[in-house]
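> pasting the sequence and the predicted model now:
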Amino acid sequence: MSPAAGTWGAWRKEAKSVEPSGHARTLADMDHVGQQAHAWPRSAAVFGASGGIGRALCDGLAACGTQVIHAGSRAGTDPAGAGMRPFAFDLTDEATIAAAAEAMRDDPPEWVIIATGVLTLADGAGPERTYKRLDAAAMAEVFALNTIGPALIAKHILPLMPRGRRFVFAALSARVGSISDNRLGGWHSYRASKAALNMLIKNLALELARTHPEGVIAGLHPGTVDSALSQPFQSNLPDGQLTAPGDAAGNLLGVLARLGPEQSGQVFDFRGEQVPA
Ligand SMILES: NC(=O)c1ccc[n+]([C@@H]2O[C@H](COP(=O)([O-])OP(=O)(O)OC[C@H]3O[C@@H](n4cnc5c(N)ncnc54)[C@H](OP(=O)(O)O)[C@@H]3O)[C@@H](O)[C@H]2O)c1
């Protein structure tokens, strides 16, 4: 796939010209790159709307004309604003995910984006630099949040997706989940949980392609984004490598707008380039 999705900053400027009913407008009209893009979604759901990237995705969708945004977080209050429909869920409580999906049944979102994830656990345990630091409970928690939670969202949301029309179901993954691209090692649980997430994305895509040929299921690598997740690891970054959440969201939304069913099951970075498995 070709690179160069527009940034949210550019889009926001453009979005001012979106008509109130402008959801049918395509991104090809909106950005300077002019690549083929699909219709912008009338409705979307973001799981993880309280996070750095998730909140920016909600803002980016709203700025570009998405009229209904189901915005999920543990508190169930973020973010406020026109079109936002906050809801509560917890990745570790399947009943809350099922309830969230049920509430969307009558008018399912056209795009679903899972923007949850952990690198450092709530007790402060950071990613392991060596196998000697592996801890079964910490590893299980990372998998519960980064792999099993998104799988359960798929279990309850995918049945709502239309069979004969395009939909997008995307999960924030990470380049470090690529096995063939792993040259540094370390971060055992995080890498492994994202590699497993990528496998689930591939599996879901294969299964859904049989009944939902227009569906797009994809993983996304956002780049290194200035958020609570990356904050403890920002000090050694080369200049210019840290992306603002709004720019990251603009890049990711631009990628999603351009994906077709032929790309379903793959992971793409913020430039729209495939991340190898
Ligand atoms: N930032 C980066 O540089 C970077 C790079 C590569 C990949 N990613 C991926 O991008 C995604 C988003 O990262 P971010 O930087 O936006 O992180 P963030 O700001 O820390 O946000 C994490 C999100 O996950 C949610 N979450 C955590 N535990 C949860 C639970 N039990 N139930 C429901 N939600 C829960 C948080 O909700 P609460 O507010 O309730 O805690 C928050 O919305 C992650 O999958 C991450 O791996 C990020």
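Everything's here; your move. Numbering: from 1, shown residues only.
> isn't T224 right up against S230?
Yes - with contact defined as C-beta atoms under 8 Å, T224 counts as touching S230 (5.9 Å). (Glycine included, C-beta is placed from N, CA and C.)
> is the spatially closest residue to V267 that is not a sequence neighbour in a bridge, and if so with what?
Nearest non-adjacent residue to V267, counting by C-beta to C-beta, 6 or more residues apart in numbering: G219, 3.5 Å away. As for beta bridges, G219 partners with A171, V267 under DSSP bridges.
> picking that back up, mind listing the shared neighbours of T224 and S230?
Residues touching both T224 and S230 by C-beta atoms under 8 Å, 6 or more residues apart in numbering: L242.
> what is the burial count for the residue nearest to V267?
Here the number of neighbours of G219 (other C-beta atoms under 10 Å) works out to 27.
> give me the distance between it and L119.
16 Å (C-beta to C-beta, to the nearest Å).
> just give me the neighbour total for S189.
S189: 23 neighbours (other C-beta under 10 Å).
> then M139?
That count, for M139 with other C-beta under 10 Å as the rule, works out to 17.
> so for it, what pLDDT did the model give?
Note for M139: predicted pLDDT of 98.
> ditto for P20
On the pLDDT scale, P20 is placed at 28.
> which bits of the chain sit near the ligand?
Along the chain, the residues adjacent to the ligand under the rule C-beta under 6 Å from any ligand atom are 48, 50-54, 73-74, 90-92, 115-118, 145, 172, 174, 221-222, 224-225, 227-230.
> filter those down to the buried ones.
48, 50-54, 73-74, 90-91, 115-118, 145, 172, 174, 221-222, 224-225, 227, 229-230 (16 or more other C-beta atoms under 10 Å).
> so of those, which ones are in strands?
Applying DSSP state E to these, the entries found in strands are S73, L172, H221.
> list the contacts for the first one?
The reference is to S73. By C-beta under 8 Å, 6+ apart, S73 lies in contact with G48, A49, S50, G51, G54, P86, A88, F89.
> right, and the residue nearest to V267 touches L200 too?
No - here G219 does not reach L200: they are 9.1 Å apart, not a contact under C-beta under 8 Å.
> any idea which helix or strand carries I157?
Here I157 sits within helix 149-157, counting by DSSP states H and E.
> quick one: mean pLDDT over the top helix by length along the chain.
Ranked by number of residues, the top helix in the chain under DSSP state H is helix 188-209. In this model, helix 188-209 carries a mean pLDDT of 98.
> list the buried ones in it?
By neighbour count with 16+ other C-beta under 10 Å, helix 188-209 contains the buried residues 188-202, 204-205, 208-209.
> next, the angle helix 149-157 makes with it.
Interaxial angle, helix 188-209 versus helix 149-157 (axes from the mean of the first three to the mean of the last three C-alpha atoms, to 10 degrees): 20 degrees.
> for helix 188-209, packing partners?
helix 136-143, helix 149-157, strand 167-172, strand 215-221 (3 or more C-beta pairs under 8 Å, 6 or more residues apart in numbering; DSSP states H and E).
> now do the contacts for G149.
Applying C-beta under 8 Å, 6+ apart, we find G149 in contact with L91, T92, I97, T116.
> show me where this protein has its helices.
Using DSSP H, helices in the chain cover 8-15, 27-30, 52-63, 94-104, 136-143, 149-157, 188-209, 245-258.
> the fourth one versus helix 149-157: what angle between them?
Read it as helix 94-104. 40 degrees.
> ditto for the last one
Our comparison of helix 245-258 with helix 149-157, counting by the same axes, to 10 degrees, yields an angle of 50 degrees.
> other SSEs contacting helix 245-258?
helix 8-15, helix 27-30, helix 52-63, strand 111-114, strand 167-172, strand 215-221.
> quick one, it and helix 52-63 angle?
Between helix 245-258 and helix 52-63, the angle comes out at 60 degrees (the same axes, to 10 degrees).
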